[in-house]
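Trainee: I would like the atomic coordinates for the input below:
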Amino acid sequence: MKKKIIWGIAVLLAAAFIWMPFPASDLYLRIHFDEIAGTACGLYYGTDVQGNFSAEQYISSEIDQEKKLAEFCLDSALYNHLTGLRLDLPKEQEQLLLIKNVSVSSGGIIQKEYNPCTFFAPENLPFTNGVELSLVSIRDRVYIQTYGNDPYLILSQGLVADIQSLYSRRRLSRLFLCLFAAGSYVLARKK
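Mentor: Now for the predicted structure:
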C-alpha cells in the first residue's frame, strides 16, 4: 500500500513537471540557399499588439556565404503573439536566388522542415513585391528572381500560424527526463 502511494505521488509530480507552463524557447527560421548574393536578408513581424510591419519589429540576418544560410531568431516573447511575417531579400542587386530548404527549430530541435515549393506556394504568399517565383517541384527547389530596390514576400496568416505553433515548450524533453529517472530507479532497485 505504501509503495502504491509513493508511486502515485511520483506520477503526479512528474505530470506536474511535464505540463508546468515553462516559457517557450526561441524560434529559429532558417532559409538554405544554393545560390545567393548580397550581405543580408530581413524579417519583419507583426504582433497582436502592433500589427503593422515597422523598424521596431525587424530582424536582420547576415547571410552566411559559406553555408548559404540566412537565420532569423524570433524571441520567445513572441509566442502566441505573431500575426504576420514579411521576408525581405537582399537589395544590393537584381539576382536569381535558389532556395533548397526552409527549416524551423526551437528548443534545440528542428521542429519542421518545409519543402520550399510548399513554403513559397502562391497560397502561402498573398503579396509579393519586386520578385518573380518559379517552383520546381521535381527538384524541390524554388527560384526567385528579384527586381527593383525592395524585394519582399509577405507570408499568409495560415503559414504564420503554422510557424508559430512550432515554438517548443520542452515538454517532450521533460517527459524523457522523467522516464529516465523512473528507469534508473527501477534498475537500481533490481540490482
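Trainee: hey, where'd the helices end up in the protein?
Mentor: Using DSSP state H, the helices found in the chain span residues 2-19, 116-119, 157-164, 171-190.
Trainee: would you single out the least confident of the ones you listed?
Mentor: Per-segment mean pLDDT for the helices of the chain reaches its minimum on helix 2-19, at a mean of 57.
Trainee: am I right that residue 33 is in contact with residue 99?
Mentor: Yes: at 5.8 Å, residue 33 counts as touching residue 99 under the criterion of Cβ atoms under 8 Å. In this view, the C-beta of every residue, glycine as well, is placed from N, C-alpha and C.
Trainee: state the number of residues packed around the closest residue to residue 105 other than its chain neighbours.
Mentor: Distances taken as Cβ to Cβ, 6 or more residues apart in numbering put residue 28 closest to residue 105, at 4.8 Å, once the chain neighbours are dropped. If you count neighbours by other Cβ atoms under 10 Å, residue 28 ends up with 17.
Trainee: pLDDT below threshold where in the protein?
Mentor: The model of the chain has pLDDT under 70 over residues 1-24, 169-189, 191.
Trainee: most centrally placed residue in it?
Mentor: residue 104 (3.0 Å; Cα atoms, centre = their mean).
Trainee: how near is that one to residue 113?
Mentor: 8 Å (Cβ to Cβ, to the nearest Å).
Trainee: on that earlier part again, which strand residues bridge the residue nearest to residue 105?
Mentor: Under DSSP bridges, the beta-bridge partners of residue 28 are residue 73, residue 105.
Trainee: identify all contacting residues around stretch 136-156.
Mentor: Stretch 136-156 has contacts (Cβ atoms under 8 Å, 6 or more residues apart in numbering) with 34, 84-91, 94-100, 115-117, 119-120, 123-135, 163.
Trainee: so of these, which ones are in strands?
Mentor: Residues of the contacts of stretch 136-156 located in strands (DSSP state E): 34, 84-88, 96-100, 127-129, 131-135.
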